[in-house]
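S.K.: sequence plus predicted model, see below.
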Amino acid sequence: MSTTISLKKKRRTTSKSDGEATTTSTVREVKKLKRIGTSELQGPDVAASSEEKEIEARDFGSDLELHRKTCSDIRQLMEDIKTAKDNDESAASIEQKRVKATLQFVTLKKLNRLAHLRCKKARETTMGVKQRVDSLHLQLQNLLYEVMHVEREITKCREFKSTDEDIELVDTDDFYKDAPMKISKPDITKTDQHKQQLARLDWELEQRKRLAKKFKECQSNTDNMIREIQTKQEYIDSLQPRLEKILETTIPVQEYLSMPFHEKQTQHQTARLLPRPLYILFVQGNAYREACDPSMSLKIEGDTEAVRSTISVASLLLDYESDSDTEEALSESKRRRKTVGNRLEEKRQKVLTKHPLQVTMTLKLKDGTTLTLTFSYLVVLQIVTVQIDLKPGNSSLVSSISASDLLSPSDLLTCLYPGDDGKESPNPTNEYQLGKLGMESLSTYIGQTGHPYRWAQWLAGLDFLPDSGEETRPETSIGASHMEDTVRALYDRIHARLAIQKQLASLERNSVPVPSQSMRLFPAKICTQLTSWKTITQDDVEGFHFTRESPIKELIVESHKLFLATCERGSAKLQAVVLLSLDYPTTPPQFMIGITWHGDHNANNDHDIREMEEELNLHYQELTFNTADDYLLANQVQRLMMCFDVYLETKTMGDEGAERPLEFAREKMYMRITRGRSRSRPYRYYPQQGYFTHR
């Protein structure tokens, strides 16, 4: 036991002596650590400044060699410590090696900080150069824009035309020949083009003054002749009774020569029996026909004898019972007598009674298509209804499954004006009149009465105020102000429906009927092919994955026509749901797009498809001009296939232009493949230059 204790004491003594021997070597290292700590305590700014200067003075290669050497020393010291522990060497020796290893870590920390400072400085330098490049690029773009603006202004200046250029002046030789010397001044004007032009204008003014004086003389002669004509006209008017008898005897001759003077006179006499709304419509329609549209015809049809035998229009108005009696008759229908039920049914029939006379308006198109509108007047409800009949011309007869309903009388003139579907009565009073008799809304009886379109009321001089209980008096000014616009709208609607029918028939055959005027809006080669076009329902739209969260789906109403277009190119497939409004092309078709290519893509998960929908649904006005308005749908489908080509070609090429196997070859020219953080695609096509760019 004593032997063991003595050995331990000896070992401690030995380690103490060894520690005293190594005290000198460790003191230097401790002082070095204190100096490093003191420099770190002097503040981050002073330390950072000194380290930046040190970075500029130090060499990166030497620091790398120092790092490697330090790591090697640490590794060696660790191995020595492990060996010393395994060999049970003195603690002082191990402690010395540990301190040395610790000091090496301080060196590593220093080198690590220098490395981070070098990276920070490199990043700052790179950022400064990048900002300078961006600034120079922005200056370049501004200069290009200024150049373009200056060129545009130069073009405007070159194309400027003065008002005097539209005046047809006499020839220069005739000017010097006829004009007096004080105006022509040949010694000056022949050498000065500007003064020559002024002299010619002065001569033109003199001639026009002379002609104006002559015109006044002719006008006075004309007035004298008019007075003579009026005198003779009075004499002719005295012959009116005799001429009427002569006309009656010439009716067979008129029919043989197709000159229906007597029929026209008879129509005018029958027009006096029309109710005032139909009379206004007939008069304004005839005035418009004679002034603007000779191809339009108006005719009064019906039983004139029934009108003459009728006591008065007021006799058709219902003698309503008191409110209490009516409510009692409706609530206790089981106990009321049969005569009361018959009387109520008779009143219901009288509410829908039409005036015996009707006005028929016929519009003829150049291709032989005929639209016949029969206007009737409901005496009790005091509204005008329309019945429609369309007979397409031979050149317009096109068979189409998807367009079968577009020419039907029920939808043909729906929404001719915004919100006017022709199903509800424009007169708010009618709702109370029908409800008082226990009848449903007027839309239930449209097959019997016709459509009460608002434009029909306007043509008849009726303009009902919302929720107004006052009686509306027909006004001629209302019919005159709406006649021209409404007839033009009717022509436009027929043209649009016939055009959309031809387009749908062609699309069903997988052919896009782009008109010749619109061919320049698209590139010469479009690789995408239309493979299918069919009609779908609203339930079918709900089943497509790319329409579930689309905001366009909220626009779908019952009157919309829905179609599904399928386009393919290689392994890529595009499906688009097309919303066609009844007032096309006033309201453009809307597209919802889904693409199947390396997965399912739509506007919710692919920004490029969202931009493609924006290109079709928002920038459609670029596709409408002159006669191409009615072919908006075909142009949009063509643009859809063009954008699909751009989508596939730019997606295959990659955002950074990296080389990869190309499934779709680059068929078109692009200024830039992508732009901005969203990496948008160049869907806009410039036909003049023939390249694609971004908006």
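M.R.: Structure's in. What do you need?

S.K.: for the residue nearest the centre of the chain, phi and psi?
M.R.: In the chain, the residue lying closest to the centroid (CA atoms, centre = their mean) is L618, at 3.3 Å. When quoted as degrees, to the nearest 10, the phi and psi of L618 stand at phi -110, psi -30.

S.K.: ok, now which ones touch it?
M.R.: By CB atoms under 8 Å, 6 or more residues apart in numbering, the contact set of L618 is empty. For every residue, glycine as well, the C-beta is placed using N, CA and C.

S.K.: also A306?
M.R.: Counting by CB under 8 Å, 6+ apart, A306 makes contact with P356.

S.K.: which helix or strand contains it?
M.R.: Secondary structure from DSSP states H and E places A306 in helix 304-309.

S.K.: burial measure for R569, as a count.
M.R.: 21 (other CB atoms under 10 Å).

S.K.: distance of it from Y647?
M.R.: To Y647, R569 is 10 Å away according to CB to CB, to the nearest Å.

S.K.: I'd like to know how far the residue lying closest to M296 once chain neighbours are set aside sits from S481.
M.R.: Nearest residue to M296 in three dimensions, chain neighbours excluded: R289, at 4.7 Å (CB to CB, 6 or more residues apart in numbering). With distances taken as CB to CB, R289 is found 17 Å from S481.

S.K.: now T83
M.R.: 111 Å.

S.K.: and N430, by the same measure?
M.R.: Distance of N430 to S481, computed by CB to CB: 24 Å.

S.K.: compare those two (neighbour count), which wins?
M.R.: More neighbours surround N430 than the other of N430 and S481, with 22 against 15 (other CB under 10 Å).

S.K.: check contacts around that one.
M.R.: Going by CB under 8 Å, 6+ apart, N430 touches L381, I383, L442.

S.K.: closest to I280 out of these?
M.R.: Of all the contacts of N430, I383 has the smallest distance to I280: 13.9 Å, by CB to CB.

S.K.: next, count neighbours for the closest one.
M.R.: There are 27 residues near I383, going by other CB under 10 Å.

S.K.: list phi and psi for it.
M.R.: Torsion angles, degrees, to the nearest 10, at I383: phi -130, psi 160.

S.K.: numbering from 3 from now on, please.
M.R.: In the new count, where the first residue is 3, that last one comes out as I385.

S.K.: roughly how far does it sit from P476?
M.R.: From I385 to P476 the distance is 11 Å (CB to CB).

S.K.: so what sits against both of these two?
M.R.: Common neighbours of I385 and P476, counting by CB under 8 Å, 6+ apart, are L464.

S.K.: list the contacts of the residue nearest to M298.
M.R.: Counting by CB under 8 Å, 6+ apart, R291 touches M298, S299, L300.

S.K.: rebuild those residues as a markdown table, extending it with distance to G437 and pLDDT.
M.R.: A markdown table is the format used below for the contacts of R291 (distance: CB to CB, whole Å; pLDDT from 0 to 100):
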| residue | distance to G437 | pLDDT |
| --- | --- | --- |
| M298 | 39 | 90 |
| S299 | 40 | 89 |
| L300 | 36 | 90 |
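
S.K.: closest one to T372 out of those, please.
M.R.: For those, the residue nearest T372 by CB to CB is S299; the value is 10.0 Å.

S.K.: what's the burial count for that closest one?
M.R.: So S299, with other CB under 10 Å, has 16 neighbours.

S.K.: for the nearest residue to V580 once chain neighbours are set aside, give me phi and psi.
M.R.: Computed as CB to CB, 6+ apart, the closest residue to V580 that is not its neighbour in sequence is F565, at 4.4 Å. The phi/psi pair for F565 (degrees, to the nearest 10) reads phi -130, psi 160.

S.K.: gap between F565 and L415?
M.R.: Taken as CB to CB, the span from F565 to L415 is 22 Å.

S.K.: ok, the two, which is more surrounded?
M.R.: Neighbour count, other CB under 10 Å: between F565 and L415, L415 has more, with 26 against 20.

S.K.: OK, contacts around that one?
M.R.: V388, I390, G424, H453, Y455, L492, R495.

S.K.: pull the number of nearby residues for R202.
M.R.: By the criterion of other CB under 10 Å, R202 has 22 neighbours.

S.K.: ok, E206 next?
M.R.: There are 17 residues near E206, going by other CB under 10 Å.

S.K.: what about the helix or strand where it lies, distance to the chain center?
M.R.: Using DSSP H and E, E206 falls within helix 195-239. Helix 195-239 sits 53 Å away from the centroid of its parent chain (CA atoms, centre = their mean, to the nearest Å).

S.K.: quick one, strands of the stretch 253-402 of the chain?
M.R.: Using DSSP state E, counting those that start in this stretch, the strands of the stretch 253-402 of the chain run over 299-304, 359-366, 372-380, 385-393.

S.K.: same question for the chain.
M.R.: With strands called from DSSP state E, the chain shows them at 299-304, 359-366, 372-380, 385-393, 531-538, 563-571, 574-582, 592-598, 602-604, 686-688, 693-695.

S.K.: using JSON lines, lay out the ones you listed together with distance to K234.
M.R.: Listed next are those as JSON lines, based on distance: least, CB to CB, whole Å:
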{"stretch": "strand 299-304", "distance to K234": "33"}
{"stretch": "strand 359-366", "distance to K234": "37"}
{"stretch": "strand 372-380", "distance to K234": "41"}
{"stretch": "strand 385-393", "distance to K234": "44"}
{"stretch": "strand 531-538", "distance to K234": "68"}
{"stretch": "strand 563-571", "distance to K234": "63"}
{"stretch": "strand 574-582", "distance to K234": "62"}
{"stretch": "strand 592-598", "distance to K234": "67"}
{"stretch": "strand 602-604", "distance to K234": "81"}
{"stretch": "strand 686-688", "distance to K234": "69"}
{"stretch": "strand 693-695", "distance to K234": "74"}
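
S.K.: can you say which of the ones you listed is nearest to R499?
M.R.: Using CB to CB, the nearest of the strands of the chain to R499 is strand 385-393, at 8.4 Å.

S.K.: other SSEs contacting that closest one?
M.R.: Applying 3 or more CB pairs under 8 Å, 6 or more residues apart in numbering; DSSP states H and E, we find strand 385-393 packed against helix 278-293, strand 372-380, helix 411-414, helix 456-461.

S.K.: buried residues, that strand. List them.
M.R.: I385, V386, T387, V388, Q389, I390, L392 (16 or more other CB atoms under 10 Å).

S.K.: the residue nearest to V580 reaches S534, doesn't it?
M.R.: No: here F565 does not reach S534: they are 10.1 Å apart, not a contact under CB atoms under 8 Å.

S.K.: which helix is the longest one in this protein?
M.R.: The longest helix of the chain (DSSP state H) is helix 93-161.

S.K.: quick one: distance of it to the chain centre.
M.R.: With CA atoms, centre = their mean, you get 45 Å for helix 93-161.

S.K.: mind checking the pLDDT average for it?
M.R.: Mean pLDDT, helix 93-161: 90.

S.K.: the helix holding E206 - what's its average pLDDT?
M.R.: Averaged over helix 195-239, pLDDT sits at 90.

S.K.: ok, stretch 386-396 next?
M.R.: 89.

S.K.: what's in contact with that stretch?
M.R.: Contacts for stretch 386-396 (CB under 8 Å, 6+ apart): 279-280, 283, 356, 367, 369-380, 409, 411, 414-415, 424, 451-455, 458-459, 461-462, 464, 496, 500.

S.K.: let's see that with 7 Å instead.
M.R.: Stretch 386-396 is contacted by residues 279, 367, 369-380, 409, 411, 414-415, 451-455, 458-459, 462, 464, 500 when judged by CB atoms under 7 Å, 6 or more residues apart in numbering.

S.K.: stretch 570-580 too?
M.R.: By CB under 7 Å, 6+ apart, the residues outside stretch 570-580 that reach it are 529-531, 533, 543, 546, 549, 564-569, 591, 593-599, 642, 646-647, 650, 665-666.
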